[in-house]
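Undergrad: coords below, sequence missing:
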């Protein structure tokens, strides 16, 4: 299992490097019947209040997560202060407007926007994953794993329902079989950057079906092949870590690894001894 130890070491270092906060690029303030001095005041207040909420700012629009458009429009009894959060395609994702009757009221509006601009961002993601599943016990093997899934994201929380399907096609130690099990997980996503590390845990139910062909000598002294099978079902739990990448056209790519362990023990089909079912899975998920 040296491969898994090396994988997790590299993965952990990658996650620490990609830890990131959400960054905005403020577009030139749109002014309609309002003096330019107000634009400087609004930009200064926006940077101060957004920084207090943990957001960053960059001057290059191609290097940010979101664009921020601020508008000041003269109205009969005051000034309309409008904020628009946009993606890089300039599509408006969130907006808020408020009539301000004196410059002294700007701060309260900017403070509210900084607190609310990323609240309750929700997203449904459907997709399919593939990778490898490796059991450490009671029978050691590594083989292909397939994983259709659905996720619901709200703010920085990811809730996922997966179905793990693994086929022991490589017949390790002569063992043939399959693994089938649904899982439910909850993970926390560290930031809302387009590359986001996450950590989580969950519960699963798993059905393990294994069989092995053994050579036995019958009473006539003839060697025959005899098939022996073992079916085992158990609830369990797992821990996961991963990276989520959001590409153009709302395509999501997730690099994910899990350590799982079942509550009950299973017979080792090779020697009949009971052992804890546990292991790792690594894979790539693609969703929209």
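TA: Cool, the structure landed. Values in this document were obtained by computation on a predicted structure and should not be read as measured data.
Undergrad: can you map out the strands along this protein?
TA: Here the chain has its strands, by DSSP state E, at 23-26, 30-32, 56-57, 66-74, 79-86, 92-100, 122-137, 141-154, 157-167, 175-189, 195-217, 223-246, 252-267, 274-287.
Undergrad: can you give the distance from the first one to the centre of its chain?
TA: Think strand 23-26. Strand 23-26 has its C-alpha centroid displaced from the chain centroid by 23 Å (C-alpha atoms, centre = their mean, to the nearest Å).
Undergrad: please parse this structure into its domains.
TA: Here the domain parsing of the chain from automatic domain parsing is 21-116, 121-287.
Undergrad: low-confidence regions, the protein specifically.
TA: Residue ranges of the chain with pLDDT under 70: 1-20, 120-121, 168-173, 191-194, 215-224, 226, 248-249.
Undergrad: centroid residue for it?
TA: Centre of the chain computed as the mean C-alpha position; nearest residue by C-alpha atoms, centre = their mean is residue 244, 4.8 Å away.
Undergrad: and it, what is it in contact with?
TA: 158, 189, 195, 196, 197, 198, 252, 253, 254 (C-beta atoms under 8 Å, 6 or more residues apart in numbering). The C-beta positions use only the backbone N, C-alpha and C, and glycine is treated the same way.
Undergrad: residues contacting the closest residue to the last one other than its chain neighbours?
TA: Excluding the flanking residues, the one nearest residue 254 by C-beta to C-beta, 6 or more residues apart in numbering is residue 285, at 4.1 Å. Contacts for residue 285 (C-beta under 8 Å, 6+ apart) come out as 127, 128, 129, 147, 149, 252, 253, 254, 256.
Undergrad: what's near enough to touch the second one?
TA: For residue 128, the contact set (C-beta under 8 Å, 6+ apart) comprises 146, 147, 148, 149, 285, 286, 287.
Undergrad: hang on, the earlier thing: and the residue nearest to residue 254, how far from residue 49?
TA: Using C-beta to C-beta, to the nearest Å, one obtains 36 Å as the distance from residue 285 to residue 49.
Undergrad: what's the burial count for the closest residue to residue 102 other than its chain neighbours?
TA: The shortest distance from residue 102 to any non-neighbouring residue, by C-beta to C-beta, 6+ apart, is to residue 78 (7.8 Å). Using other C-beta atoms under 10 Å, residue 78 has 14 other residues around it.
Undergrad: ok, what's across the strand from residue 150?
TA: Beta bridges link residue 150 to residue 126, residue 161, judged by DSSP bridges.
Undergrad: count the neighbours of it for me.
TA: Neighbours of residue 150 under the rule other C-beta under 10 Å: 14.
Undergrad: rebuild the contacts of residue 244 as a markdown table, extending it with neighbour count and distance to residue 43.
TA: A markdown table is the format used below for the contacts of residue 244 (neighbours: other C-beta atoms under 10 Å; distance: C-beta to C-beta, whole Å):
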| residue | neighbour count | distance to residue 43 |
| --- | --- | --- |
| 158 | 23 | 33 |
| 189 | 18 | 29 |
| 195 | 16 | 27 |
| 196 | 22 | 27 |
| 197 | 24 | 31 |
| 198 | 20 | 33 |
| 252 | 18 | 33 |
| 253 | 15 | 35 |
| 254 | 23 | 36 |
